[in-house]
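J.: Give me a model of this one.
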Amino acid sequence: MKFTRSLLPALLALFGAAGPALADITVGVTVSATGPAASLGIPEKNTIELMPKTIAGQKVNYIVLDDGSDTTKAVANTRKLITEDKVDIVLGSTITPNSLAMLDVVAENQVPMISMAASARIVEPVDAKRRWVFKTPQNDIMMSLAIATHMAASGVKTVGFIGFADAYGEGWFGEFSKVAPLKGLQIIASERYARTDTAVTGQVLKLIAAKPDAILIAGSGTPAALPQKTLKERGYTGKYYQTHGVANADFLRVGGKDVDDTYLPAGPVLVADQLPASHPVRKSAQAYVQAYEAAHGKGSVSTFGAHAWDAGLLMTAAVPAALKKAKPGTPEFRVALRDALEQLRDVAGAHGIFTMSPTDHLGLDQRAYVMVKIVNGAWKYQP
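T.: I've put the predicted structure just below:
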């Protein structure tokens, strides 16, 4: 067939219409929607569905995989998303061990990643590997200091510690050990347990024998209820503290009355409606609460979904700058997106105000937490 000059505009229009579809932004997500961390990963997965389908006029496609709370699966998912699906950015994973295991893959392929796990080791120090990695949950050191400060103000002198026997528990023990002496606290007993354990009687008996004024449980999700329930059964009457890793409704459900009167630091989103009008995060936290509850019902919000929401906000804020330098689907765009994330300033999220830098890939300050007490099965803001 011979093409005439009159057909040229129509052909150009046809190919032009097909062009933008090749330049969609592709977001790869791996979360722990099953396994021990499911109570964290499910609200994160639900939150991905609320993220924008277009950014700066560019269509965004999300590919969501479940890593089953398993490090090997998290790495396999990350590799698939990058090598097969050609994603421009990776969001995930839910827990610290998985996120740490993913670092080599994203760094090797030079794909930016925003983790939804807590440990500072995910982003510190910002070396050649971690320059590609950002995260949204508050660092353990920030939350450790909040707990130690509250303990000291409450008259606590001695502390028993029990945490996960993995990077989360060890990270918390390391950070809390740094701040405890600064507040006049002495750690007199330290125990570990696995996320999948069904009994911790031996560890609990050792803790009780040490007679600490308070016990800090460094776990996350529903498995963090096990030590506290066992401590209650064995008659421990001291003060209880948990980490921000338990800030969801499933922990309250599993813990029941045994977790009442527990103190923990949490992102402002957990008690958004209880915050004073002057709180700098109240408005942005409420925005997430309203969006999530509109889709999943009143009282369904957890701080873990909010970590995913903040990851989406950071990505959304960085994309326009990256689009000015390169097209999605290219190595140049991934580099530009990484650079843009590092330059973000004053991004208001559900958990705090994010300001990134070449040496800070978290970007949160003390506005990113509040102290909370569990009272009659509900979260209560502690001014």
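
J.: got the buried residues for stretch 153-171?
T.: Using 16 or more other Cβ atoms under 10 Å as the test for burial, stretch 153-171 gives 156, 158-164, 166-171. For every residue, glycine as well, the C-beta is placed using N, CA and C.

J.: Keep only those of these that are in strands.
T.: Counting by DSSP state E, the part of the buried residues of stretch 153-171 found in strands is 158-164.

J.: Could you dump the buried residues of stretch 153-171 into a markdown table and include distance to Leu313 and pLDDT?
T.: Listed next are these as a markdown table, based on distance: Cβ to Cβ, whole Å; pLDDT from 0 to 100:
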| residue | distance to Leu313 | pLDDT |
| --- | --- | --- |
| Val156 | 36 | 98 |
| Thr158 | 41 | 98 |
| Val159 | 36 | 98 |
| Gly160 | 38 | 98 |
| Phe161 | 34 | 98 |
| Ile162 | 34 | 98 |
| Gly163 | 30 | 98 |
| Phe164 | 28 | 97 |
| Asp166 | 29 | 94 |
| Ala167 | 26 | 90 |
| Tyr168 | 24 | 91 |
| Gly169 | 29 | 95 |
| Glu170 | 30 | 95 |
| Gly171 | 25 | 92 |
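
J.: Looks like Gln110 contacts Leu337 (just checking).
T.: No: in this structure, Gln110 is not within contact of Leu337 by Cβ atoms under 8 Å, at 10.6 Å.

J.: the more surrounded of these two?
T.: Using other Cβ atoms under 10 Å as the criterion, Gln110 and Leu337 rank with Leu337 on top: 24 against 13.

J.: If I look at the more buried one, what pLDDT would I see?
T.: Confidence at Leu337, expressed as pLDDT, is 98.

J.: quick one: low-confidence parts of the protein?
T.: Within the chain, the stretches with pLDDT under 70 are 1-22.

J.: And the helices in it, which stretches?
T.: All helices of the chain, identified by DSSP state H, fall at 8-22, 38-48, 71-83, 96-109, 140-153, 167-179, 201-210, 225-233, 249-255, 282-296, 303-323, 331-342.

J.: Contact partners for the residue nearest to the spatial centre of the chain?
T.: In the chain, the centroid-proximal residue (Cα atoms, centre = their mean) is Met116; its distance is 2.9 Å. Contacts of Met116 were listed using Cβ atoms under 8 Å, 6 or more residues apart in numbering, and they are 31, 44, 91-94, 99, 135-137, 304, 307-308, 311.

J.: Can I get the residues you listed in CSV including distance to Ala56 and neighbour count?
T.: Output for the contacts of Met116, formatted as CSV (distance: Cβ to Cβ, whole Å; neighbours: other Cβ atoms under 10 Å):
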residue, distance to Ala56, neighbour count
Val31, 25, 33
Glu44, 24, 28
Leu91, 18, 29
Gly92, 23, 31
Ser93, 27, 35
Thr94, 28, 32
Ser99, 28, 30
Lys135, 24, 28
Thr136, 21, 29
Pro137, 27, 29
Phe304, 28, 31
His307, 24, 30
Ala308, 21, 29
Ala311, 18, 28
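
J.: mind giving me the domain split of the protein?
T.: Segmentation of the chain into domains, based on automatic domain parsing, reads 24-138+289-364, 140-266.

J.: can you put those domains in CSV and add distance to His279?
T.: Shown next, in CSV, are the domains of the chain (distance: least, Cβ to Cβ, whole Å):
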stretch, distance to His279
domain 24-138+289-364, 11
domain 140-266, 13
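
J.: Quick one: closest of these to Val370.
T.: Among those, the nearest to Val370 by Cβ to Cβ is domain 140-266 (6.3 Å).

J.: quick one: terminal-to-terminal distance for the closest one?
T.: 11 Å (Cα to Cα, to the nearest Å).

J.: Take the contacts of Met116 and write them to a markdown table, including distance to Lys211.
T.: Listed next are the contacts of Met116 as a markdown table, based on distance: Cβ to Cβ, whole Å:
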| residue | distance to Lys211 |
| --- | --- |
| Val31 | 41 |
| Glu44 | 39 |
| Leu91 | 44 |
| Gly92 | 41 |
| Ser93 | 39 |
| Thr94 | 36 |
| Ser99 | 37 |
| Lys135 | 37 |
| Thr136 | 38 |
| Pro137 | 33 |
| Phe304 | 34 |
| His307 | 36 |
| Ala308 | 41 |
| Ala311 | 42 |
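
J.: which one of the residues you listed is nearest Glu332?
T.: Checking the contacts of Met116 one by one against Glu332 (Cβ to Cβ), the nearest turns out to be Leu91, at 20.6 Å.

J.: For the closest one, list the residues it contacts.
T.: 27-30, 48, 113-114, 116, 308, 311-312, 315.

J.: Could you give the bridge partners of it?
T.: For Leu91, the beta-bridge partners under DSSP bridges are Val29, Ile114.

J.: Could you measure from it over to Met142?
T.: 22 Å (Cβ to Cβ, to the nearest Å).

J.: swap in Tyr168?
T.: Taking Cβ to Cβ as the criterion, Tyr168 is separated from Met142 by 15 Å.

J.: one step back: among the ones in strands among the buried residues of stretch 153-171, which two are most distant?
T.: The widest separation within these (Cβ to Cβ) is 22.0 Å, between Thr158 and Phe164.

J.: returning to what we had before: for Asn376, find the nearest of the domains of the chain.
T.: Comparing the domains of the chain under Cβ to Cβ, the one sitting nearest is domain 140-266, at 6.6 Å.

J.: can you give me how far the closest one is from the chain middle?
T.: Averaging C-alpha positions (Cα atoms, centre = their mean, to the nearest Å) puts domain 140-266 19 Å from its chain's average.

J.: Equivalent analysis for stretch 366-383, please.
T.: 18 Å.

J.: Pull out the buried positions in that stretch.
T.: 368-372, 374, 379, 381.
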